[in-house]
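Asker: pasting the sequence and the predicted model now:
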Amino acid sequence: MFTPGSAFDMEGYIRIGFANPLDVLQEGLAKVSGFLGDIGRG
């Protein structure tokens, strides 16, 4: 779960919540990492 920092008066940040098995978290974070890498190159 990603929540914008603005919901916690912390503009410019995100809050990450997790409550899944480790393999699910690793897969999700790999996908987010790939996405961020793609937009960083654009």
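Answerer: Looks like it arrived, so ask away.
Asker: SS state for residue 24?
Answerer: helix (DSSP: H, G, I helix; E, B strand; the rest coil).
Asker: count residues in the vicinity of residue 25, would you?
Answerer: 13 (other C-beta atoms under 10 Å). C-beta: built from backbone N, CA, C; applies to glycine.
Asker: quick one: the strands in this protein?
Answerer: Along the chain, counting by DSSP state E, strands occupy 2-4, 14-16.
Asker: buried residues, the lowest-mean-pLDDT helix or strand in the chain. List them.
Answerer: Counting by mean pLDDT, DSSP states H and E, the chain has its least confident helix or strand at strand 14-16, which shows a mean of 88. Within strand 14-16, not a single residue qualifies as buried, counting by 16 or more other C-beta atoms under 10 Å.
Asker: what packs against that strand?
Answerer: strand 2-4 (3 or more C-beta pairs under 8 Å, 6 or more residues apart in numbering; DSSP states H and E).
Asker: which other residues reach the strand it packs on?
Answerer: 13-17 (C-beta atoms under 8 Å, 6 or more residues apart in numbering).
Asker: quick check: the residue with the largest distance to the centre of the chain vs residue 24, distance?
Answerer: What lies farthest from the middle of the chain is residue 42; by C-alpha atoms, centre = their mean that is 18.8 Å. Residue 42 sits 28 Å away from residue 24, going by C-beta to C-beta, to the nearest Å.
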